[in-house]
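A.B. asks: fold the following.
(chains A and B)
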Amino acid sequence: GENVEQHPSTLSVQEGDSAVIKCTYSDSASNYFPWYKQELGKGPQLIIDIRSNVGEKKDQRIAVTLNKTAKHFSLHITETQPEDSAVYFCAASKGSGGSNYKLTFGKGTLLTVNP
Amino acid sequence: EPEVTQTPSHQVTQMGQEVILRCVPISNHLYFYWYRQILGQKVEFLVSFYNNEISEKSEIFDDQFSVERPDGSNFTLKIRSTKLEDSAMYFCASGERSPLHFGNGTRLTVT
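C.D. replies: Below is the predicted model of the structure:
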C-alpha cells in the first residue's frame, strides 16, 4: 500500500521567516495530495491541496509544489506568524469518488514560530 | 460554515467494555470515514462508508469494530470489546466533491 514519509518532524522558525515541509510517497498511482493543520485539541483542518495534473498551487502565504517524477511534494509557508504554530500533516490518496479520500498520512511536523 | 461534530470529546472505559463513538457528518456529504490517531503517531485510515455499506476498511478494522448510520444523520463507530491498544483519538470525516472535513475527535482512553 501507499507509504508517506514526512520531514522534518519538528521545525522552529522566527516570525517572518519561511518554513518548508517535505513529503515523499511511494505509490505512483496517488493523484491527490492535501495538507492539514492540526491545532491542539482539534481535528485536522485542510489548508491546501494539489492534484497530480498540477505542479504548483498557491493560496496567499501558503504554497504546495508537486514533483510526480520524484514522487515528492512540499508545503511552503512564507512570512510565518505565531498563529501558524501547529502540527502539519501531508497526505496522499488515489482513485476517484469516495475512495479518493482514503488518505495515507505522514507522521506530521510540529512547527513552532517564535515571536 | 458546516462542520463535522463528534461526541463525546473524551470517553474513558474499562478493557472489555463496548463503546460507541458518535458523529454527525456534514449534511450533504455522502461519504463517511473513521480515522484513528494513537498518541504521537500518524493519523490512520480505519473505514469508509458509502450508500449504507462499508466501501473499504483497513487491517486495523477487525471484527471488534463496526459502523452504522442508524438514522440518516448520525454515523457511529462501535468497538465491541475494547483493548488497551484501542486508546487513541478517533476522528470522523465526511466528504463529497470537496476535500475531506474532519471532526475534532473523540479521545478514547481504555484502562
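A.B. asks: and the strands in the chain?
C.D. replies: As the question left the chain open, I've gone with chain A. Using DSSP state E, the strands found in chain A span residues A:4-7, A:10-14, A:19-25, A:32-38, A:45-51, A:56-59, A:62-67, A:72-77, A:86-92, A:104-105, A:109-114.
A.B. asks: that's the wrong chain, I wanted chain B
C.D. replies: B:5-7, B:10-13, B:19-24, B:31-37, B:43-50, B:53-57, B:65-68, B:75-79, B:88-95, B:101-102, B:106-110.
A.B. asks: would you turn the ones you listed into TSV with mean pLDDT and distance to chain A?
C.D. replies: From N, CA and C alone the C-beta is placed, and that goes for glycine too. Below are those laid out as TSV (pLDDT from 0 to 100; distance: least, Cβ to the nearest Cβ, whole Å):
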stretch	mean pLDDT	distance to chain A
strand B:5-7	96	8
strand B:10-13	97	10
strand B:19-24	97	11
strand B:31-37	94	4
strand B:43-50	93	4
strand B:53-57	91	6
strand B:65-68	96	14
strand B:75-79	97	14
strand B:88-95	94	5
strand B:101-102	92	4
strand B:106-110	97	9
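A.B. asks: closest one to A:Ala70 among those?
C.D. replies: strand B:43-50 (24.1 Å; Cβ to Cβ).
A.B. asks: kindly export the closest one (C-alpha atoms) in PDB.
C.D. replies: The C-alpha coordinates for strand B:43-50 follow below in PDB (Å, rounded to 0.1, in the frame of the first residue of the first chain):
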ATOM      1  CA  VAL B  43      -3.400   9.500  11.500                       C
ATOM      2  CA  GLU B  44      -4.500   6.100  10.200                       C
ATOM      3  CA  PHE B  45      -7.500   5.200   8.000                       C
ATOM      4  CA  LEU B  46     -10.000   2.800   9.600                       C
ATOM      5  CA  VAL B  47     -13.000   2.600   7.300                       C
ATOM      6  CA  SER B  48     -15.000   4.300   4.600                       C
ATOM      7  CA  PHE B  49     -18.800   4.100   4.300                       C
ATOM      8  CA  TYR B  50     -21.000   4.900   1.400                       C
END
